[in-house]
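Participant: pasting a predicted model and its sequence here:
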Amino acid sequence: MNFVERGLIPDCRGAARRSSIEKRRLSLGTTGTLPGGHRGSDPSLDPNHAAILFRDSRGLPVADPFLEKVSMSDLEEDESQIFVKFFKFHRCYGLIPTSAKLVVFDTQLLVKKAFFALVYNGVRAAPLWDSKEHRFIGMLTITDFIKILQKFHSSDNMSLIVEEHKLENWRSMLKDESVELISIGPDASLYDAIKVLIHNHIHRLPVIDPDTGNVLYILTHKRILRFLFLYMNDLPRPTFLNKSLGELRIGTFDCIETATQETTILDALEKFVERRVSALPIVDDQKRLIDIFAKFDVINLAADKTYDKLDMTIKEANEHRNEWFEGVHKCSMDDTLYAIIEKIVRAEVHRLVVTDDEDKVIGVLSLSDLLQYLVLRPCGEDVGSRPMTPISELAGGACASDETILEGEEDEEEETQEPLSREPSPPLLQASWREVAVTGGE
């Protein structure tokens, strides 16, 4: 495997990765500085203490122009628009760190090497580069791997399909479900980015330079919400942040798909695909939360070459977890919205499982649920709410419909997009990032 690296980022693996993750989480509760960067690119800043920094066209830290140009009194007039205006002001390039890592796969790369690279770099997806067409054509995600396993699990050629096929072969196999790459420009607003992410039911949005066609960064719900959290205490606080989840009813509370320790991997894969969920809360005989099995856990099947043992239980599969396991994080209906945002940002997870006083699962709250409520709902741009089951019925497993959408599929069919804003903005600074371009070589 050939790795082309640009920049100086030390190699980290194993225990070093775990240490790095823990340091990031701990440092959220400490003060910090951010020389030469901006506040949104570093998760180690405490919103209660860190100075407001923003990167200008020269890459130098300056006071956030949003707070200079927007009157606090104007924001306080309509508190529902505070975060909307914040995200409409900031551009996508504002989240591009001065130093980052980007993994890109050539479609000529062997599938097994691609997934080893995902595990090695601790990422869930990567842009696909077609060297024949000289353009990016899509994203390789964990969902692709799951669909292949589900489609060919009974085939005698499973090992061949996973280990010897190239990524372009997989694209061909999944051609009926594949869509063109959905991307955004660096000068588009973060509001536009949130709308594209949620309306297209995708988790990752490549920021592509319109002049060079290069992928500059991958925007995610997690990075966008973290960016907001680091500024949150400097903005007027809407009263709804102090309301409880029980009052606001954000998230999914109907038809929550769960599993047990004895659920097989194959059954879990079917739930991921058919129910379009990204994680399964693991419950005991009393329906109490004890663990979680997410899509990303499936990648360990590729790393350990156990993808032909789909009859193993989730309990057995979880024994193969690596250092990137996020852990089980939960909240209650009594938690305030601000406490929930703080918890999900500090834990660096994609969702919180909502439990009752007996630790029974009653709902799931995802990053996309939060962003939709905070940003799209005030503008009438949310994807629509689902009827809620009364709280008294939740623990009993009531189901109001046949659809459950916790965090939509990464590969959802592309919808028609409105033209993105191209308002004038400062010249984009060429960030110094480390790009791991994985080619088809040995």
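Facilitator: Cool, the structure landed. Residues are numbered from 1 along each chain as shown.

Participant: and the helices in the stretch 101-250 of the chain?
Facilitator: Assigned by DSSP state H, counting those that start in this stretch, the stretch 101-250 of the chain shows helices spanning 111-121, 142-152, 158-163, 167-173, 190-199, 221-232, 245-248.

Participant: need the next SSE after the shortest one, C-terminal direction.
Facilitator: It stands for helix 245-248. helix 265-274 (DSSP states H and E).

Participant: ok, and what's touching the helix or strand just after that next one?
Facilitator: Downstream of helix 265-274, the first helix or strand assigned by DSSP H and E is strand 279-283. Residues outside strand 279-283 that contact it (Cβ atoms under 8 Å, 6 or more residues apart in numbering) are 256-261, 263, 268, 271-272, 289-295, 314, 350-351, 353, 360-361, 364, 406-407. Any C-beta I mention is one placed from the backbone N, CA and C, and that applies to glycine too.

Participant: and the buried ones among those residues, selectable in ChimeraX?
Facilitator: To isolate the buried ones among the contacts of strand 279-283 in ChimeraX, judged by 16 or more other Cβ atoms under 10 Å, type:
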select :256,257,258,259,260,263,268,271,272,289,291,292,293,294,295,314,350,351,353,360,361,364,406,407
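
Participant: that older thread, closest one to residue 87 among the helices of the stretch 101-250 of the chain?
Facilitator: Among those, helix 190-199 comes nearest to residue 87, with 4.1 Å by Cβ to Cβ.

Participant: state the mean pLDDT of that closest one.
Facilitator: For helix 190-199, mean pLDDT rounds to 96.

Participant: identify the residues contacting it?
Facilitator: Identification of contacts with helix 190-199 by Cβ under 8 Å, 6+ apart yields 84, 87-88, 90-92, 94-95, 182, 184, 202-203, 205, 219-221, 224, 227, 368, 371-372, 375-376, 381-383, 415, 417, 420-421.

Participant: buried subset of these?
Facilitator: Using 16+ other Cβ under 10 Å as the burial test, the contacts of helix 190-199 include 84, 87-88, 90-92, 94-95, 182, 184, 202-203, 205, 219-221, 224, 227, 368, 371-372, 375-376, 382, 420 as buried.

Participant: okay, now the unreliable bits of the protein?
Facilitator: 1-77, 176-178, 302-305, 320-327, 383-442 (pLDDT under 70).

Participant: swap the cut-off to 80 and go again
Facilitator: Residues of the chain that meet the criterion pLDDT under 80 lie in 1-78, 99-100, 122, 150-163, 174-180, 299-308, 319-327, 382-442.

Participant: and residue 371, what is it in contact with?
Facilitator: Here residue 371 is in contact with 194, 197, 198, 221, 224, 225 (Cβ under 8 Å, 6+ apart).

Participant: can you tell me which of those residues is nearest residue 232?
Facilitator: Ranked by distance to residue 232 (Cβ to Cβ), the contacts of residue 371 are led by residue 225 at 9.9 Å.

Participant: from memory that closest one sits against residue 343, does it?
Facilitator: No. Applying Cβ atoms under 8 Å as the test, residue 225 and residue 343 come out as separate, 11.6 Å apart.

Participant: which of these two has more neighbours?
Facilitator: The neighbour count for residue 225 versus residue 343, taken as other Cβ atoms under 10 Å, is higher for residue 225 (21 against 16).

Participant: can you pull the contacts of residue 219?
Facilitator: 92, 95, 184, 193, 197, 204, 205, 206, 207 are the contacts of residue 219 under Cβ under 8 Å, 6+ apart.

Participant: and with 10 Å instead?
Facilitator: Counting by Cβ atoms under 10 Å, 6 or more residues apart in numbering, residue 219 touches 92, 95-96, 183-184, 188, 190, 193-194, 196-197, 203-207, 227.

Participant: the nearest residue to residue 263 once chain neighbours are set aside and residue 257, how far apart?
Facilitator: Counting by Cβ to Cβ, 6 or more residues apart in numbering, residue 263 lies nearest to residue 314, which is 5.1 Å off, once chain neighbours are set aside. Residue 314 sits 13 Å away from residue 257, taking Cβ to Cβ, to the nearest Å as the criterion.

Participant: next: residue 171.
Facilitator: Between residue 171 and residue 257 the computed distance is 28 Å (Cβ to Cβ).

Participant: on that earlier part again, with distance to residue 236 added, can I get the contacts of residue 371 in TSV?
Facilitator: Output for the contacts of residue 371, formatted as TSV (distance: Cβ to Cβ, whole Å):
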residue	distance to residue 236
194	20
197	25
198	24
221	23
224	20
225	18
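
Participant: ok, of those, which one's closest to residue 300?
Facilitator: When those are ranked by distance to residue 300 (Cβ to Cβ), residue 221 comes first, at 23.1 Å.

Participant: that older thread, surely the residue nearest to residue 263 meets residue 262?
Facilitator: Yes. At 7.6 Å, residue 314 and residue 262 qualify as touching, with contact defined as Cβ atoms under 10 Å.

Participant: please list all residues in contact with residue 313.
Facilitator: Counting by Cβ under 10 Å, 6+ apart, residue 313 makes contact with 259, 260, 261, 262, 263, 264, 265, 267, 268, 319.

Participant: skipping its backbone neighbours, what lies nearest residue 220 in space?
Facilitator: Closest to residue 220 by Cβ to Cβ, 6+ apart is residue 204, at 5.5 Å.

Participant: cheers, nothing more for now.
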